[in-house]
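K.L.:
here is the input, now give the coordinates:
(chains A and B)
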Amino acid sequence: MRVVVVEDDRILCAALVEALAHHGIDVPGAAHTADRAMELIDRHAPDVATIDLRLSPHGPPDEGLSLAERLRVRYPDVGLLAVSANPDPVYVERLLSMEEPPRAVGFLAKSQVGEMAVVVDALTRVARGELVVDPYVVRLLMSRRRSDDPLATLTPREREILALVATGLSNLAIAQRLSCAISNVEKNLSTVFGKLGLMPGEAGRRGVNLRVLATLAYLRSQGKT
Amino acid sequence: MAAAILALALAAWTTGVSWGVSDPPRTPAPPVWLDAAYHAFGVPFIVGGAIVWARTRWTRLGLLLLLMGASYYLQFLRVLPGHPLLYVTGFCLAYLYVGVFGHIAMSVPTGYLSSTVDRVYVVLAYAASVGTQVGRYLADRPANPWNFNLPQVNTAWGKFGSYLVMVIGIVGVGLVLRRLLTSLRARRRRTGPVWGALALIGVLLLAPSLASALSLPLASQLMFGVLLVGGTAIVSLGGYLLWVGLAWSDQIRLTALPLRLAGERQADALQAALADTLGDPTLRLVFPGPGGTAAETAGPGRAMTPIHRGDRLLCVIDHDPAVASGDRATEIAVALTGLTLENARLYEEVRESRSQLTAATFEERERIARDMHDGTQQRFFAALLRLGMAGERLDAGQSPQAAALVEQAKTELLDGIESLRALAQGLHPVDLEQYGLAQAIGVLADRSPVVTDVSIPPLRWPPTVESTAYYVISEALANVYKHASATRVSVVIAATETADLVVRVDDDGVGGADASGTGLRGLAARVGAVDGTLAIESGPHAGTRLTVRIPLPPEGTSS
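P.N.:
Below you'll find the predicted structure:
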């Protein structure tokens, strides 16, 4: 797997490149600016680019997002993994809005660099065309306290399962993680979709990504109040 | 002093001379008091004129009064039959003082004639008062001694002269009355009593002419003469008292000015209060231009009074000359205006520097937050990454303690990164600048441990307004979490893009928030720095409502 790293902080960038190489990932180049990133990706045609959302101290805080949007248009085959020190749902929302339905994009909190296994896993899934959302962000969405929050109607168990769905896990993976039967997961999920007014049938047919999409889209629409 | 002595000497001399010459045989002899009154009539004018000339700004008026008093005595030259030249002079100029009186009446208080009508009138008054006598002399060739108490033959010329002087007198009284009724209040209050007195004396002056024209018996004519002399004295005294009273009431009216000016910062209101107090609706405040200078030369018929504080020109008052610059009431009003203006200027300076300070603080905060985010935080992430790599390479089975230590260090580092992030966010929220209040507060609410309802219109405001509102809300929410034991809190911003921003944070907690506590005082100071206001309603067990109003900066100012 070939990955281009886009990160303006040179020390962090170097450490990241080193760590990825240690995990057997081919890193043909690293860029500190958006323009340089374009060049590198054009030259090396990587499978995935990891992009820091904030690319310069004085630029807009979402310069990396704009870069991602441009990359998606010019190189649709390159997977995009956004990394942000400010893992706010706002950014996730924009990232997922680039394409309908979204594919081959991921969002990780920068604090995940302490767990390179998680980073490598996210890169791998994005390279496969999957959708990856940092559990931290999902947890933020799940734990928020609003009086109009639709999640308020969910039981703690249903909440837990929905959160796992939103990070992109399959029913089987969820069942394994929760040490329960897959039928139990499916039963809970249909209740959740029912309570939230989503259509599980369609989501089920079109795979895991659509379930994530549906969940996030739903949360998104509620977050705009 | 010298002028007063000179005037008294002149008065004594003229009176003495007139007394000396007024000794022809007469029947019946007039009573002494009548004689004395006739001879003394000019004295008050000479003395008063000298005082006005020496002690007031109206030197020209003083000279006219002196002239009137002195010329009154010319008529006594007629008493001397043996000196033909003196007799002719006395006869022809006997009523010159009436002409001078007309001149005074038209030119009070400056002594200068200001309109063509006035000038024409004064020329006519002189021509009539002297001309009729010259005509009569030429026509009748009177040669007999002439004094107020000697009966005379009333010829046709005499009657004509009397009638003409009456007409001139009536016109003069009319002109003065018109002036009294149509002039500025400021002018009326100061010169009004004088005009009134002049009009009354004018009427009294008509009486002897009327008596003479109607050929009334000498006794009746004398009676009118007495009326003139006594009436003039009484009217002058009354006019003077009225004048003093009005000046006094002006000063009393002045005591209301500080109340009207208190805290006044609008130039318009200041101008209105001053115009009203000084009785000059034409009064204008002229403020210096960018160079600190203003025109200080008055237009025609106007006067200028500059107001200085130190060597700095605050303002120039453009007013009617009737509002005398040297007047005590005017001086006090001008001093008060100066104080008010300086107060307003200082207020403006404080406001400006405070607003600059706010902007500087805002920028400084932004810079610190950026440094924290882009320098420190990235270093921490790099360290975290290396710790993670170290952990991967440790064989947990062989050195479980080291592996546990690395995991602990990672957790602590993550906590550090999170608190640094929260700190930077508090200093200068990135979301706020990018997405506005609604979004940034939404993010805050997402992390809230209490049910939080947010209702904020998706609008954008100037950066200082947004950052102040954000700060207020985040502080208020932090207070709710810490102190209120609330189960829910609502954040509402009621605003349009053009009106003041009103932030309301309500909770259902224990209430009893102390507005004088350091937290709320700091909040109030932050709000005050942008001219906003903060109100707290917090009864015991009734929740707390915080209302903050943040005004939008005026168009065109940097924020």
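
K.L.:
make it CA atoms for all contacts and neighbour counts henceforth
P.N.:
Noted.

K.L.:
now for the host helix or strand of B:Phe381, which elements pack on it?
P.N.:
Assessed by DSSP states H and E, B:Phe381 sits inside helix B:377-393. If you count contacts as 3 or more C-alpha pairs under 8 Å, 6 or more residues apart in numbering or on different chains; DSSP states H and E, helix B:377-393 packs onto helix A:10-22, helix A:116-127, helix B:400-427.

K.L.:
report the buried residues of the longest one.
P.N.:
Think helix B:400-427. Neighbour counts using 16 or more other C-alpha atoms under 10 Å in any protein chain shown place B:403, B:406-407, B:410, B:413-414, B:417-418, B:420-421, B:424-427 of helix B:400-427 among the buried residues.

K.L.:
max pairwise distance over the residues you listed: which two?
P.N.:
Greatest spatial distance among the buried residues of helix B:400-427 (C-alpha to C-alpha): B:Ala403 and B:Leu427, at 36.1 Å.

K.L.:
turn the helices and strands packed on helix B:377-393 into a markdown table, including mean pLDDT.
P.N.:
Listed next are the helices and strands packed on helix B:377-393 as a markdown table, based on pLDDT from 0 to 100:
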| stretch | mean pLDDT |
| --- | --- |
| helix A:10-22 | 94 |
| helix A:116-127 | 93 |
| helix B:400-427 | 89 |
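
K.L.:
whichever strand or helix holds B:Ile536 - what's its average pLDDT?
P.N.:
In this structure, B:Ile536 sits in strand B:533-537 according to DSSP H and E. The average pLDDT for strand B:533-537 rounds to 90.

K.L.:
then that strand to PDB, C-alphas only?
P.N.:
In PDB, the C-alpha atoms belonging to strand B:533-537 read as follows (Å, rounded to 0.1, in the frame of the first residue of the first chain):
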ATOM      1  CA  THR B 533     -24.300  45.000  29.500                       C
ATOM      2  CA  LEU B 534     -24.800  42.000  31.700                       C
ATOM      3  CA  ALA B 535     -27.800  41.200  34.000                       C
ATOM      4  CA  ILE B 536     -28.300  38.300  36.400                       C
ATOM      5  CA  GLU B 537     -31.600  37.000  37.700                       C
END
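
K.L.:
give the next helix or strand downstream of that strand.
P.N.:
By DSSP H and E, the next helix or strand past strand B:533-537 is strand B:544-550.

K.L.:
each with direction, which strands does that following strand pair with?
P.N.:
With DSSP bridges as the test, strand B:544-550 is paired with strand B:501-507 (antiparallel), strand B:533-537 (antiparallel).

K.L.:
take the ones you listed and lay them out in TSV including mean neighbour count.
P.N.:
What follows is the strands paired with strand B:544-550, written out as TSV (neighbours: other C-alpha atoms under 10 Å in any protein chain shown):
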stretch	mean neighbour count
strand B:501-507	22
strand B:533-537	17
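
K.L.:
distance from the strand holding B:Ile536 to the middle of the chain?
P.N.:
36 Å (C-alpha atoms, centre = their mean, to the nearest Å).

K.L.:
what of stretch A:154-173?
P.N.:
Relative to its chain's centre, stretch A:154-173 lies at 15 Å (C-alpha atoms, centre = their mean).

K.L.:
ditto for stretch B:367-377
P.N.:
Distance, stretch centre to chain centre, for stretch B:367-377: 55 Å (C-alpha atoms, centre = their mean).
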